[in-house]
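>>> When you get a sec, could you give me coordinates for this:
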Amino acid sequence: MGIENMNVGKSKRARVALSAFAIGALGAGVVVAAPWSTPATSTEASIELVSTATCYDMVSIAIGGRNDTPRDGVKWLTTPDGERLPAAMSGDYSSDWIDQVVRAPNNGNVVPDSYAAVYVEYPANMASYDSAVQTGVTNSQTIMKSITASCPKTRFAIVGYSEGADVARRTAMEIGNQTVPADGKYGIIDPSQVVGVVILADAGRQAGQGPFPGADNPFGNPDGFDTKYQNGNSPISGQGALPGTSGGFGALDGRVASFCSEGDLTCALPENTSLLHLAANIGRQVNADALEKEQLTPATGADLALALGRIAVNAFNDIASQPNWMQSDETFLDVLIKVSEPTYKPGTATTPVAAKVDGEQEPIETGQMIDMVYLPQKIFREITGFLSSNQNTIPVVMNDPYGLTLGPGSGHHFDYWRDADAANGKPLTSAQYAGAWLTELLEEANRGEPVKSKEVQEKAGRAAIQTIVAPATTSATPTPTATTTAPVTSTPVVTTTVPVAPAPAAVAPAPAVAPAPASEPVATPECTVPVEGETPVEGAPPLCVTATETAAETATETAVPTTTEVAPAP
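Coordinates of the predicted model:
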């Protein structure tokens with residue numbers, strides 16, 4: 001166990017715990033750890049978030065890491081009916097790790113009392129990891145639904161770190177991937193209410209993923225925020241330690257910031273480390289807290305043996321459910337990893353790939369004893385598959401995974417509060433950048449600006465395109481008039497090709513467009529087609545696409561020059 005002193009807005013000791021377990025039968029080990037801090041309480045009374053009259057423009061749902069969660073002794077949030085909610089206001093509970101992010105919006109140019117941050121209560125332990133995380137997901141959604149019931153216009157940000165990052169990601173995935181109901185009432189909350197998601201050290205991060213998944217610039221910034229996070233677009237190597245929990249964010253794509261530090265094995269575990277992946281899955285099915293504290297005892301040993309036995313039985317049953325498994329490219333290690341996922345359900349067999357004997361496809365029928373023919377190839381596949389999928393396992397184990405990730409003063413799991421590098425185009429730490437983004441989101445909520453979701457922007461774009469195309473179609477037969485050509489660009493453009501009556505006198509090309517006649521004064525064009533989803537602050541005119549603008553844009557974009565000169569009229 002290591003103890004580290006860090007200053008992230010205030011001085012407080014943070015204890016770092018290491019959970020390590022060995023899998024003797026497989027000859028592998030893995031480190032499963034997360035920081036934790038002693039819960040802090042405040043004697044000051046705070047208003048209850050969900051009350052009959054307390055509503056905010058934006059609320060941040062904060063989810064701490066291991067043991068960093070509200071406990072008994074804090075003032076709990078309640079519904080208007082007085083029912084206790086699994087959360088506490090940030091004034092009643094504080095986290096050394098997340099406070100810097102979720103308290104930043106109050107320092108911006110925002111309306112007083114328009115923002116609040118709440119900390120989610122959940123087990124936040126590793127006695128039963130997946131159960132703890134799922135409880136956190138359920139509690140987070142319960143809090144947001146309760147707030148929405150009282151304050152339907154409130155917007156949400158979701159922020160999670162370490163074990164809380166897993167909770168935040170799964171919560172966001174479930175919200176973003178909801179099916180649009182026929183009555184318009186979502187089971188959790190409307191995805192448009194979630195304006196930002198911040199994930200620090202995401203165990204479900206996908207290989208090659210940028211810090212802003214689903215955004216127009218996944219390596220630069222989330223959609224709608226002009227400040228760049230960094231220069232360049234090189235992804236962090238590896239992937240999350242729990243890739244089986246990964247997935248897309250659906251409607252929330254572009255509104256997610258998932259930060260990962262190179263060397264943090266929680267989110268940047270090198271690829272081709274299958275044994276470590278298997279060990280991490282096993283760690284999710286045992287009481288890792290007890291194993292860490294007591295080491296290998298009869299009780300913890302029995303717990304580990306039970307988990308290993310269950311995985312082994314599921315593995316053999318899975319293979320038995322595939323009559324042609326000997327033909328497939330799937331290795332026994334692949335099966336072990338698959339069935340060790342806590343979400344594994346028996347009967348989800350992998351589709352076998354037919355093997356070749358002497359270069360010919362030879363399907364095997366059940367009941368025949370031809371498996372022996374394929375045994376040499378299967379053994380060869382097992383050996384080569386094991387070696388190729390574990391090329392980086394030994395280097396990771398030899399390089400002290402604990403020191404690399406959780407070492408006091410140097411562990412990369414804490415880089416998010418110290419990873420600024422202004423000389424290389426990264427002026428803010430990950431935590432500072434997240435705070436600045438949430439501040440901007442709150443300021444937009446204060447101004448009443450619509451949520452800049454991809455769906456809204458796509459609709460706005462379609463409306464603009466339709467408005468641009470419409471005038472071009474209706475003006476196919478122009479009224480014969482004399483025209484002049486003005487060189488507004490370096491490439492001359494013929495403005496009309498329709499024959500017209502000769503002008504009574506030659507018109508010399510003018511260096512600039514002639515002013516409009518006095519009888520036709522220039523006026524501000526009326527709004528013809530408002531852009532959906534872009535209504536500005538109350539009292540201001542709606543944003544729209546006008547016929548004048550679209551006609552000019554159409555002429556510029558569609559006209560094709562046919563000559564370089566226009567001869568004057570005779």
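
>>> before we move on, which element is Val197 in?
Under the criterion of DSSP states H and E, Val197 resides in strand 194-200.

>>> who does the helix or strand following that strand pair up with?
Using DSSP H and E, the helix or strand that follows strand 194-200 in sequence is strand 256-259. Note on strand 256-259: by DSSP bridges, its sheet partners are strand 194-200 (parallel).

>>> Other residues contacting the strand it pairs with?
By CB atoms under 8 Å, 6 or more residues apart in numbering, the surrounding residues in contact with strand 194-200 are 58, 97, 101, 155-162, 165, 168-169, 172, 175-176, 222, 249, 252, 255-259, 416, 430-431, 434, 437-438, 441, 444-445, 451. For the C-beta atoms, the positions are set from N, CA and C on the backbone; glycine is no exception.

>>> Could you do stretch 170-189 as well?
Stretch 170-189 is contacted from outside by 61, 63, 133-134, 136-137, 140-141, 144-145, 148, 156, 158, 191, 194, 197, 199, 204, 245, 247-253, 256, using CB under 8 Å, 6+ apart.

>>> Buried subset of those residues, written for PyMOL?
The buried subset of those, as determined by 16 or more other CB atoms under 10 Å, is captured in PyMOL by this line:
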select buried, resi 61+63+133+134+136+137+140+141+144+148+156+158+191+194+197+199+204+245+249+250+251+252+253+256
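
>>> Which strands and helices lie in contact with the helix or strand harbouring Glu443?
Element membership for Glu443, per DSSP H and E: helix 430-447. Helices and strands touching helix 430-447, as assessed by 3 or more CB pairs under 8 Å, 6 or more residues apart in numbering; DSSP states H and E, comprise strand 58-63, helix 99-102, strand 155-161, strand 194-200, strand 256-259.

>>> in this structure, which helix or strand is least confident?
The helix or strand of the chain with the lowest confidence, counting by mean pLDDT, DSSP states H and E, is strand 11-23 at a mean of 31.

>>> And for Thr439, nearest residue in space, chain neighbours not counted?
Counting by CB to CB, 6 or more residues apart in numbering, Thr439 lies nearest to Gly108, which is 3.8 Å off, once chain neighbours are set aside.

>>> Tell me how many other residues crowd that neighbour.
Each residue near Gly108 was counted by other CB atoms under 10 Å, and the total is 16.

>>> And for Lys228?
Lys228 is flanked by 15 other residues according to other CB under 10 Å.

>>> Report the secondary structure state of Ala124.
Under DSSP: H, G, I helix; E, B strand; the rest coil, Ala124 falls in the coil class.

>>> Neighbours of it, how many?
25.

>>> my guess is Arg284 contacts Ser131, does it?
No - using CB atoms under 8 Å, Arg284 is not in contact with Ser131; the gap is 9.3 Å.

>>> Looking at those two, which has the bigger crowd around it?
Each of Arg284 and Ser131 has its neighbours counted (other CB under 10 Å); Arg284 has more, 22 against 14.

>>> For the stretch 351-500 of the chain, which segments are assigned as helices?
With DSSP state H, counting those that start in this stretch as the criterion, the stretch 351-500 of the chain has helices at 371-388, 393-398, 401-406, 430-447, 454-474.

>>> for the second one, packing partners?
Looking back up the chat, that one is helix 393-398. Helices and strands touching helix 393-398, as assessed by 3+ CB pairs under 8 Å, 6+ apart, comprise helix 274-283.

>>> same thing with the third one?
With contacts defined as 3+ CB pairs under 8 Å, 6+ apart, helix 401-406 has these neighbours: strand 11-23, strand 28-36.

>>> Neighbours of the residue lying closest to Phe249 once chain neighbours are set aside, how many?
Among residues not flanking Phe249 along the chain, Gly176 sits closest, at 4.4 Å (CB to CB, 6+ apart). By the criterion of other CB under 10 Å, Gly176 has 21 neighbours.

>>> and Gly176, what are its phi and psi?
phi -70, psi -20 (degrees, to the nearest 10).

>>> where are the low-confidence patches of the stretch 251-400 of the chain?
Filtered on pLDDT under 70, the stretch 251-400 of the chain yields the residue ranges 347-374.

>>> how does it look with 80?
Within the stretch 251-400 of the chain, the segments meeting pLDDT under 80 span 292, 346-378.

>>> pLDDT below threshold where in the stretch 101-250 of the chain?
Scanning the stretch 101-250 of the chain for pLDDT under 80 picks out 232-233.

>>> quick one: the helix or strand containing Gly164 to strand 194-200, angle?
According to DSSP H and E, Gly164 maps onto helix 163-176. Per axes from the mean of the first three to the mean of the last three CA atoms, to 10 degrees, the angle that helix 163-176 makes with strand 194-200 is 150 degrees.

>>> Next, the angle from helix 163-176 to strand 58-63.
Relative orientation of helix 163-176 versus strand 58-63 (the same axes, to 10 degrees): 130 degrees.

>>> Show me which residues of helix 163-176 are buried.
By neighbour count with 16+ other CB under 10 Å, helix 163-176 contains the buried residues 163-176.

>>> measure Asp415 to Ala268 for me?
Using CB to CB, to the nearest Å, we find Asp415 at a distance of 11 Å from Ala268.

>>> re earlier: do you know which of the helices and strands packed on helix 430-447 lies nearest Met89?
Nearest to Met89, of all these, is strand 58-63, at 10.1 Å by CB to CB.

>>> Given the closest one, what are its sheet partners and their directions?
Sheet partners by DSSP bridges: for strand 58-63, these are strand 115-120 (parallel), strand 155-161 (parallel).

>>> which helices and strands does the helix or strand that that strand is followed by pack with?
Once the chain leaves strand 58-63, the next helix or strand it forms, by DSSP H and E, is strand 76-78. Where contact means 3+ CB pairs under 8 Å, 6+ apart, strand 76-78 is packed against strand 84-89.

>>> C-alpha coordinates for the strand it packs on, PDB please?
Taking Å, rounded to 0.1, in the frame of the first residue of the first chain, the C-alpha atoms of strand 84-89 are listed here in PDB:
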ATOM      1  CA  ARG A  84     -33.500  10.000   0.500                       C
ATOM      2  CA  LEU A  85     -31.500  10.000  -2.700                       C
ATOM      3  CA  PRO A  86     -28.000   8.300  -3.000                       C
ATOM      4  CA  ALA A  87     -26.100  11.500  -3.300                       C
ATOM      5  CA  ALA A  88     -24.800  14.500  -1.400                       C
ATOM      6  CA  MET A  89     -24.200  18.100  -2.500                       C
END
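
>>> partner strands of it, parallel or antiparallel?
strand 76-78 (antiparallel), strand 115-120 (antiparallel).

>>> could you say what helices and strands the very next helix or strand once past the longest one packs with?
Right, strand 115-120. Scanning forward in sequence from strand 115-120 by DSSP H and E, the next helix or strand is helix 129-150. Here helix 129-150 touches strand 58-63, strand 84-89, strand 115-120, strand 155-161, helix 163-176, going by 3+ CB pairs under 8 Å, 6+ apart.

>>> how about those in a markdown table, adding distance to Val339?
Shown next, in a markdown table, are these (distance: least, CB to CB, whole Å):
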| stretch | distance to Val339 |
| --- | --- |
| strand 58-63 | 29 |
| strand 84-89 | 32 |
| strand 115-120 | 31 |
| strand 155-161 | 28 |
| helix 163-176 | 21 |
